[in-house]
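> Quick one, structure for this:
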Amino acid sequence: MLAFIDDIKLIRIEFDGYIEDVSILNMSCRFVKKEGRLQYFETHQSIPLQQADTIKINGYHYPLHIGLVTLSDAFEKTYRYDGPLGAIYHEDHTEFYVYSPVAKEIKVCIKDHLYDMTGDGTIYKASIPGNFAFEPYHYEVRLVDRFTKVLDPYLKGTNTKDGVIIPQSLKAKKANIVQSKDEAIIYEAHVRDVTQTLDVPHKGLFLGMLEKDQHHGFSFIEYAASLGVTHIQLLPIFDFEGVDPIYKSRFYNWGYNPKHYFALQPWFSSQPTMAKVTIKEAIQMIDAIHDQGLGIIMDVVYNHVFDMDTYPYDQLVPGYFYRHDENHQRTNGSYCGNEIETRRYMVRKLILDSLIHFVETFDIDGFRFDLMGLIDVETMNHIESKLSKIKPGIMIYGEGWHMGEVLKDEDKASQVNHQKMPKIAHFNDTFRNKVKGELHGPALGYGNGGDVDLEDLILLLKGSPNVFESSLYSINYVECHDNMTLFDKILKDTQDHEHARIYQDFTNALITLSEGITFFHAGQEMYRSKKGVENSYQSPDDINQLQYNLGPHIDIFKQFIQFKKDTKEAKKLYTIKDDHIWIHVSINQDEFEVIIKTSFKPYTIDLNSCILWVSTAPVKPIKNQIILEQYGVTILKKR
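Okay, here's the model as predicted:
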């Protein structure tokens, strides 16, 4: 015989026989209905969930299991909490707070000593005297009739096995980076990728980001700043599954496997078992980024967890953290085995508390949300509102793909609902697909030899007004960590290395010329290749590491970025002339002509008192004319 709590007043008993009498904590239960082997009983008042661990049926006691109660609307509305959670350190004591309306007992374990916690019906709490700075800890939790070791969902540091108590004094400097979406130029990087080929002591680690390469004479952070970008977006640096922090070369992973939402990934630390060192080294990296005048953006994943068995929430409030369909079955809109139910009050609180922790502790300047379309609009707006009060101008954007089956279409934080999230930007896949070409197929794009609809290309340059109400919603990109690099895509389609470089320089220029937020993948300016691997999320360093292929193309890339910055307030007039796009750009006393040439047919231009400013392709001068012989973007400046 098995008994379950299915709602705050409802019991489900699996039993074929006749049930005469049911009671819980001396509360009698009334028969409701029978469906096959399932018999339902109702209490007159709410069941004390932190106390009710047995049920008396026909005079015998049985374990009372947690059923569907945590998925019920009544549970969601009844068990809400707005106070602190996790371990709150003080020099002479540490406070512990755990959300679990259904646990019967929780003890906190510090240095192999167990301390009882007190439940108030919604949370458990304890105040333990002593100085426990950087001590490991975990909880022992009894949901029904046995204790289980459970890590804290709010742990802020890890020694690779347990949570570690972290003093709040460990923080990055406040940099006060001035941010503006319409000026943002984002550079996406993976800590290991961009340092692995540099001649630095700490390859693949936080410290390697700021160490100067002896051959090139720059650190990665210095190199990124020299390009003229405004932000470095780091692939996940929170704690994730799929790597070995101790034997670092054993596995590789991008990091989209959430393990802990408040702790940093010790894989990037020189001493991964020392949480204090991991945090301090991350702070050194962040401070170095800010010292270059750059903002830092964290890539975050609040749409799924990697392993529901190891992520601790189900061991505290079974089922509550995950999205279910009308039949109480877990959904899989993420294609990773689960979806996080962002609409639930305490789930939304965890997400927001996590983000606030990263902003207040590490002075993070923005967040990129993985599979943002699986998050609801209300949650995203709530996030933006709360974080903007802490850090005005914070960058919030994500993958607004329209995904999942449970959220109503109008509630998804997807691109089609961008008007409902007025301060949140979206990756513009229309721009990507039209310029780069078919994502998983052979069709060519405007940037690599495909047929060009010049009027449509002008729309892309204007920030895709046919897709977004404002260009500030649009993140213009063709390459990121995901899918083939632009160079590999072009090379696969053309089989011509020289043409691939021409097309890549051309496409990079289109991105900088387009209205909206500019986004580049690290190495895109130097023809980054992953040897044709489309999904390198766990490929070895040989595939993912960045080769620093420097040369004149880098200087041209920098000039186009500077041109974008210098002309951000300019008036622009778009015309089609001789089957090419001309953009007249005027700002203050300066005037420019931008020619976007989408063919290899020679094109002769009269300079008419103009001088050559910059061009992605070679320019052949003849007296007062120039001849453009290749695909390219050329900028002329009037004298």
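> Helices of the stretch 401-550 of the chain, start to end?
If DSSP state H, counting those that start in this stretch is used as the criterion, the helices of the stretch 401-550 of the chain fall at 429-436, 454-461, 486-494, 497-513, 541-544.
> now do the chain
Assigned by DSSP state H, the helices in the chain fall at 73-78, 191-195, 220-227, 275-291, 345-362, 377-390, 429-436, 454-461, 486-494, 497-513, 541-544, 552-566.
> between the ones you listed, which gets nearest to residue 7?
Taking Cβ to Cβ as the criterion, helix 73-78 is the member of the helices of the chain that comes nearest to residue 7, at 5.9 Å. For glycine as for every other residue, the C-beta is placed from the backbone atoms N, C-alpha and C.
> could you list every residue that touches residue 236?
For residue 236, the contact set (Cβ atoms under 8 Å, 6 or more residues apart in numbering) comprises 254, 255, 256, 258, 265, 298, 299, 300, 301.
> just for the chain, where's the confidence low?
Low-confidence regions of the chain, defined by pLDDT under 70, are absent; no residue qualifies.
> just to revisit the earlier point, out of the helices of the chain, deepest packed?
Highest mean neighbour count of these: helix 191-195, a mean of 25 (counted as mean count of other Cβ atoms under 10 Å).
> any residues touching that one, and which ones?
Applying Cβ under 8 Å, 6+ apart, the external contacts of helix 191-195 come out as 202-206, 208-209, 211, 220, 234-235, 237, 252, 267-268, 285, 522-523, 541, 544-546.
> Report the buried members of those residues.
When burial is judged by neighbour count using 16 or more other Cβ atoms under 10 Å, the buried members of the contacts of helix 191-195 are 202-206, 208-209, 211, 220, 234-235, 237, 252, 267-268, 285, 522-523, 544-546.
> ok so, going back, save the helices of the stretch 401-550 of the chain as TSV, and put in distance to residue 319 too.
As requested, the helices of the stretch 401-550 of the chain are arranged in TSV below (distance: least, Cβ to Cβ, whole Å):
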stretch	distance to residue 319
helix 429-436	33
helix 454-461	45
helix 486-494	42
helix 497-513	44
helix 541-544	37
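> among the ones you listed, which is nearest residue 305?
Distances from residue 305 to each of the helices of the stretch 401-550 of the chain were compared using Cβ to Cβ; the shortest belongs to helix 541-544, at 23.6 Å.
> Filter the contacts of residue 236 down to the ones in strands?
Counting by DSSP state E, the contacts of residue 236 place 258, 298, 299, 300 in strands.
> Identify, from the residues you listed, the entry nearest to residue 172.
Nearest to residue 172 among the ones in strands among the contacts of residue 236 is residue 298, at 12.4 Å by Cβ to Cβ.
> can you pull the contacts of the closest one?
Residues near residue 298 by Cβ under 8 Å, 6+ apart: 233, 234, 236, 237, 238, 358, 364, 366, 367, 368.
> For it, give the beta-bridge partners.
Beta-bridge partners of residue 298, counted by DSSP bridges, are residue 234, residue 367.
> Could you tell me how far it is located from residue 100?
Per Cβ to Cβ, to the nearest Å, residue 298 is found 28 Å from residue 100.
> in stretch 169-181, what's buried?
Taking 16+ other Cβ under 10 Å as the neighbour-count basis, stretch 169-181 is seen to contain the buried residues 170, 172, 175, 177, 179, 181.
> so how far is residue 295 from the last one?
Same thing as residue 181. 11 Å.
> returning to that earlier point: by neighbour count, which of the contacts of residue 236 wins?
The most crowded member of the contacts of residue 236, judged by other Cβ atoms under 10 Å, is residue 255 (27 neighbours).
> That residue reaches residue 268, doesn't it?
No - under the criterion of Cβ atoms under 8 Å, residue 255 lies out of contact with residue 268, with a separation of 9.6 Å.
> between the two, what contacts are shared?
Counting by Cβ under 8 Å, 6+ apart, the residues touching both residue 255 and residue 268 are residue 237.
> pull the CA atoms of stretch 112-127 into PDB?
Extracted in PDB, the C-alpha atoms of stretch 112-127 (Å, rounded to 0.1, in the frame of the first residue of the first chain):
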ATOM      1  CA  ASP A 112      31.500  16.400  10.000                       C
ATOM      2  CA  HIS A 113      29.300  17.800  12.700                       C
ATOM      3  CA  LEU A 114      25.500  17.800  12.300                       C
ATOM      4  CA  TYR A 115      23.400  20.800  13.500                       C
ATOM      5  CA  ASP A 116      19.600  20.700  13.700                       C
ATOM      6  CA  MET A 117      17.600  23.200  11.600                       C
ATOM      7  CA  THR A 118      14.200  24.500  12.600                       C
ATOM      8  CA  GLY A 119      11.200  24.400  10.200                       C
ATOM      9  CA  ASP A 120       8.600  27.100  10.100                       C
ATOM     10  CA  GLY A 121       6.300  25.500   7.600                       C
ATOM     11  CA  THR A 122       8.000  26.900   4.500                       C
ATOM     12  CA  ILE A 123      11.800  27.100   5.200                       C
ATOM     13  CA  TYR A 124      14.300  25.600   7.500                       C
ATOM     14  CA  LYS A 125      16.800  27.800   9.300                       C
ATOM     15  CA  ALA A 126      19.700  27.600  11.800                       C
ATOM     16  CA  SER A 127      22.300  30.000  13.200                       C
END
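> which among the contacts of residue 236 gets closest to residue 62?
Ranked by distance to residue 62 (Cβ to Cβ), these are led by residue 258 at 36.3 Å.
> who's in contact with the closest one?
When contacts are counted by Cβ under 8 Å, 6+ apart, residue 258 touches 236, 238, 240, 241, 301, 302, 304, 305, 306, 311.
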